[in-house]
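>>> Have a look at this prediction, sequence included:
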Amino acid sequence: MGHKRISAYQISIVGILSALIILQTFIPFMGNITIPGLPALTIVHITVIIGAVILGPKQGALLGGIWGTMSLIRAYTQATDPLTILLFRNPLIAIIPRILVGLVAGLVFNYIAKTHRKDLVGVIKMSAAGVLGALTNTCLFVLFTWMMYIRQPGTVIPGSSGANLGYLLIVMVLGNAVVEMISAGVITPILGQALIRFKRN
């Protein structure tokens, strides 16, 4: 009975979070804040990370895959700037980093929970998962963009070269990355603990 209850809980949470991810992806300013000439500032990663923390890395990866797929679709149907069209119509850039956001966040949370003191508060575990999940998204975005455009760097950043593309990409996304890591580190434990308490009840 307990197993069925947990499974029903997991299915319901995955369904709710998946619907939220879809809404966040397609409704302007609900999940993405577009800045002309720069990658969109996102909060969708927080939804994925929360799912990974409360459900585990597999479900986190699933939610990340949904986010990535929706991002790919959005790049074809609702792209708001040339950079989105250029980068997020590539499945390697749009989907793979998002899958790994959920996977990494879930693994980090589980690792800390298993290897550290029991009195290590849930806030710290969830914050660490949030920060590292967000960092994963940024690092893989930069890495895959660099890999795909190292031979034609001016396509991504006019005036850049193969030698400085990686550095310029880091500079371009640094502000967004800091905001996304801080927001994930703060919001994940607030909402994650509430959902875990709901699960226990």
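Sure, I can see it.

>>> What is the lowest-mean-pLDDT helix or strand in the chain packed up against?
Sorting the helices and strands of the chain by mean pLDDT, DSSP states H and E puts strand 32-33 at the bottom, at a mean of 81. Packing contacts for strand 32-33, counted by 3 or more Cβ pairs under 8 Å, 6 or more residues apart in numbering; DSSP states H and E, involve strand 41-42. Glycine gets a C-beta too; all of them are placed from N, C-alpha and C.

>>> Can you give the distance of the strand it packs on from its chain's centre?
For strand 41-42, the separation from the chain centroid amounts to 10 Å (computed by Cα atoms, centre = their mean, to the nearest Å).

>>> show me what contacts the residue most central in space within the chain?
What sits nearest the mean C-alpha location of the chain, by Cα atoms, centre = their mean, is residue 45, with 3.0 Å. Residues near residue 45 by Cβ atoms under 8 Å, 6 or more residues apart in numbering: 67, 98, 101, 133, 134, 137, 180, 184.

>>> ok, now residue 165?
Contacts of residue 165 (Cβ under 8 Å, 6+ apart): 146, 149, 150, 153, 156, 157.

>>> Contacts made by stretch 68-88 with the rest, please.
Taking Cβ under 8 Å, 6+ apart as the rule, stretch 68-88 contacts 21-22, 25-26, 34, 36-40, 89, 91, 93-99, 145, 155-156.

>>> Show the average pLDDT along it.
Per-residue pLDDT over stretch 68-88 has a mean of 90.

>>> Now that stretch: buried residues?
Applying a neighbour-count criterion of 16 or more other Cβ atoms under 10 Å, one finds 68-75, 83-84, 86-88 buried in stretch 68-88.

>>> and which of the residues you listed is nearest to residue 123?
Distance to residue 123, by Cβ to Cβ, is smallest for residue 68 among these, at 28.1 Å.

>>> Can you pull out the low-pLDDT segments for the chain?
Applying pLDDT under 70 to the chain flags residues 1-6, 35-39, 116-121, 199-201.

>>> In it, what residue spans correspond to helices?
With helices called from DSSP state H, the chain shows them at 2-26, 44-55, 57-77, 82-88, 91-94, 96-115, 122-149, 165-200.

>>> circling back to that earlier point, just the buried subset of the contacts of stretch 68-88, written out for ChimeraX, thanks.
Of the contacts of stretch 68-88, the buried ones go into a single ChimeraX selection, burial set by 16+ other Cβ under 10 Å:
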select :21,22,25,34,39,40,89,93,94,95,96,97,98,99,145,156
